[in-house]
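S.K.: Here's my sequence, what's the structure:
(one chain, ligands or ions: 1)
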Amino acid sequence: MPIQYLEESKTFYLSTPNTAYVFHVTENGYLIHDYYGAWVPPCDLRAYSARTGKASFAPSTADLLVQTDTAPMEYSTNGVGDYRVSALQIREYRGNASTDIRYQSHRIYDGKREIPHQPATYAAEDEAQTLEIVATDKVTGARVTLFYTVFTNYDALARHARVENTAAHPMDLERVYSSCCEIPFGDWQICHLYGDWTKERTFERKDLPFGITSMESKRGASSHYHNPFVAIADKNATEDTGAVYGFNLVYSGNFSAQTEKNSDGDLRVIMGINPTDFGWKLESGEFFDTPEVVSVYSDGGLGEMSRTYHKLYRNNLCRGPWKNAKRPLLVNNWKGTYFNFDQDKIYNIALVAHEVGLEMLVLDDGWFGARNNDKAGLGDWVVNEKKLKGGIKALSDRIHDLGMKFGLWFEPEMVNPDSDLYRAHPDWCLQVEGREMSIGRTQYVLDLSRKDVRDYLFDAMDKILREARIEYVKWDFNRNITEPASALLPAERQKEISHRYVLGLYDLLERLLKAHPDLLLEGCSGGGGRFDPAMLYYSPQIWTSDNTDAIDRLSIQYGTSMCYPTSSVGSHVATCHSTRITPMETRANVALAGTFGYELDITKMTEEERESTKAHVAEYHKYYDLIHFGDLYRVVPPDGKECAWVYVSPDKSEALLTFVCIRGRKTTRRTVKFRGLDPDKYYADESGTVQSGRVWMNAGVNRTAVMRDSESFKVYLKEIGK
Ligand code: GLA
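M.R.: Model (predicted):
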């Protein structure tokens, strides 16, 4: 039984194949955390949450049963003696904001329930078990339900909280995090993913200072700047060994991940909606659900943590017919033509693309309204017949006649001031009365919390998707939110707008996918500005970055791989006009560690480039299953000199190593070691060299050729027996 309640010690014991999570209820109803880590059998672990007594400055409960300021709390609250970062703060109708919840009841069931109107991991009855704990605050009347789901096949735990107002008066939620996790004293470091436009998800690992460390977004989107992911790693943990706790929020809006190391060195990690620019009014009888946090514990280092996330997200987060289906190999016209195209130009790209083996033409920005540059037309989702005679249908029919699929770009959430939509409905934008609206890429943000706005967007997109055969949509979002206020919300609910916006986005995505269940969505936000697990629930692939420089992509894709699976990483072989010149071979090798595709005017390729493209397309097919369903091992991080990674098939019968030389020097590493093979199996490379897995992993591959800047190679191994 993955979840058990041990009556005698009032202990909740939750387990996955290799981990256990344990907490108990005290005599006075506190939920106290005992243990999270490598698997232990069900037992009483209350002694592990005991903390030493403190001076009068660290309070305890009146009955002296709990040292509130040092005890590891299962879900920390504000204003009642726990001065560390708190998960919950409710302001009741009389104005005070102290919150205190005590255990009431629990239930355990197979499977996992949906979080209403929000994306989350899902599981069949035999794939997971869920524990619901109800704890109440007798003063505010808040009834808090803490949800914990453990997965039968993965070392992952999904958590979220629900707050219900059982009082007769309204209450205000001021902070309501999704999870609180207590990690005892240790030499912990924080790993996180920071970045910028064209520099998304850069990995950083640092010692944790005493006090609060915070990673967050206030941009209305999960953002390029910080990703809703942190890992707490033992200082000695490596890619392959050591304790690591990962936390990833299934949310696309303002998030906060905070750690607080207290003076004893104990660590608290909370994650959820960012309380800045947030509040939620709960009328009597109403409830509020937080988004979900997925945590993974690994004692096999960062690599094992990542592989757990990859499998869980591929199988229990991504949905629909495309989640594990082979995705069409696409060519996107953006970097090839930008706004400057007509039907023939796009058709000619498709013609050559088809000849070299590509399977889908994606028409990017510029096909609608007066959209000849990024200053006009956004919001007017009507085809520009001057560019595309006969509309999308005529073009899509021509493409389909070639035997290819067709995809189309949209940026539904935005509007240019120079557009018919804005002229008709200026009030549809997020804005503060009397204040000038900030502008980004010459566009404003539509108020997706409004149903009339969502209805317009749904109808406009639905019409286009019905008129022509369109198998794929790229859903873009090219600026962040400012002046977050809605013309329709009453004053006391304006603080809800950022979260309501995100819920509106989910609603629109859900509606579109219900109406067009076979559609393949690719998420995008000026590259990877909204690359988060919530978007993966709707779009199983996300454009990772507008930066298509093969070398810059190494660190972007390295960071992204911390929690997101290769099958979600949108990556293209692109033209080099805005990047450094790198060999076609390297661009292809780097793009192969993702969805793979092309983004250039393929008609301008030389004969030689077309031939190499055919070869890369053949490799894409050859390695598809290995790369998309295999296990990823990060062998050499992109440290400025080189980078290498390995994919190993689940049955360990084949493996592919890719090595990229960032800066060629005499000292460039010649020996690269495989990882993840079966040590006792024998594997042959393509030159016929046969070695045991043990030799490939310990002695590695020895390359004698001198490598120059940006050159790369692959080594493919196939099992030939034990
Ligand atoms: C964003 C996307 C690009 C492209 C442009 C179009 O920047 O990331 O891939 O679609 O918008 O305007």
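
S.K.: Could you verify that Arg511 is part of a helix?
M.R.: Yes: Arg511 forms part of a helix when assessed by DSSP: H, G, I helix; E, B strand; the rest coil.

S.K.: Now the residue nearest to it when sequence neighbours are not counted. Its backbone dihedrals?
M.R.: Of all residues beyond its chain neighbours, the one nearest Arg511 is Phe458 (5.4 Å), with distances taken as C-beta to C-beta, 6 or more residues apart in numbering. C-betas here are computed from N, CA, C, even on glycine. When quoted as degrees, to the nearest 10, the phi and psi of Phe458 stand at phi -60, psi -50.

S.K.: again with Lys389
M.R.: Dihedral angles (degrees, to the nearest 10) for Lys389: phi -60, psi 140.

S.K.: Got the confidence number for the residue in the stretch 601-722 of the chain that the ligand sits nearest to?
M.R.: Residue nearest to the ligand within the stretch 601-722 of the chain: Asp601 (14.8 Å; C-beta to the nearest ligand atom). At Asp601, the model reports a pLDDT of 90.

S.K.: Distance-wise, check it relative to Val352.
M.R.: From Asp601 over to Val352 the distance is 9 Å, taken as C-beta to C-beta, to the nearest Å.

S.K.: Give the bridge partners for Leu282, please.
M.R.: Met171 (DSSP bridges).

S.K.: And the residue of the stretch 1-150 of the chain that's closest to the ligand?
M.R.: Pro119 (21.6 Å).

S.K.: thought that residue was touching Ser539?
M.R.: No: between Pro119 and Ser539 there is no contact, the gap being 10.6 Å when judged by C-beta atoms under 8 Å.

S.K.: Now for Gly570, how many residues are close by?
M.R.: 27 (other C-beta atoms under 10 Å).

S.K.: Thought Glu609 was touching the residue of the stretch 601-722 of the chain closest to the ligand, still the case?
M.R.: No: Asp601 lies out of contact with Glu609 (C-beta under 8 Å); the separation is 11.6 Å.

S.K.: State the number of residues packed around the nearest residue to the residue of the stretch 601-722 of the chain closest to the ligand once chain neighbours are set aside.
M.R.: Once flanking residues are discounted, Asp601 sits nearest to Gly336: 3.1 Å by C-beta to C-beta, 6+ apart. By other C-beta under 10 Å, the residues close to Gly336 number 23.

S.K.: thought Gly336 was touching Ile602?
M.R.: Yes: using C-beta under 8 Å, Gly336 is in contact with Ile602, at 7.0 Å.

S.K.: what is in contact with these two at once?
M.R.: Common contact partners of Gly336 and Ile602 (C-beta atoms under 8 Å, 6 or more residues apart in numbering): Ile349.

S.K.: ok, the closest residue to the ligand within the stretch 151-300 of the chain to Glu216 distance?
M.R.: Nearest residue of the stretch 151-300 of the chain to the ligand: Trp197, at 8.6 Å (C-beta to the nearest ligand atom). In this structure, Trp197 and Glu216 are 18 Å apart, going by C-beta to C-beta.

S.K.: Tell me the residues on this structure that lie near the ligand, please.
M.R.: Contact residues, the chain versus the ligand (C-beta under 6 Å from any ligand atom): Trp334, Asp364, Asp365, Trp409, Asp476, Asn478, Cys524, Gly526, Gly527, Trp543, Asp546.

S.K.: Against Phe341, how distant is the residue of the stretch 601-722 of the chain closest to the ligand?
M.R.: From Asp601 to Phe341 the distance is 9 Å (C-beta to C-beta).

S.K.: which residues are in contact with both of these two?
M.R.: Asn333.

S.K.: Looking at those two, which has the bigger crowd around it?
M.R.: Phe341 (21 against 18).

S.K.: Which pLDDT value belongs to that one?
M.R.: 97.

S.K.: related to what we said a few turns ago, and the residue nearest to Asp601, helix, strand or coil?
M.R.: helix.

S.K.: quick one on the thing from earlier: who touches the residue of the stretch 1-150 of the chain closest to the ligand in this structure?
M.R.: Val250, Pro291, Leu317, Tyr506, Pro533, Ala534, Tyr537, Tyr538.

S.K.: Take those and write them to CSV, including secondary structure.
M.R.: Formatted as CSV, the contacts of Pro119 follow (three-state DSSP):
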residue, secondary structure
Val250, strand
Pro291, coil
Leu317, coil
Tyr506, helix
Pro533, helix
Ala534, helix
Tyr537, helix
Tyr538, helix
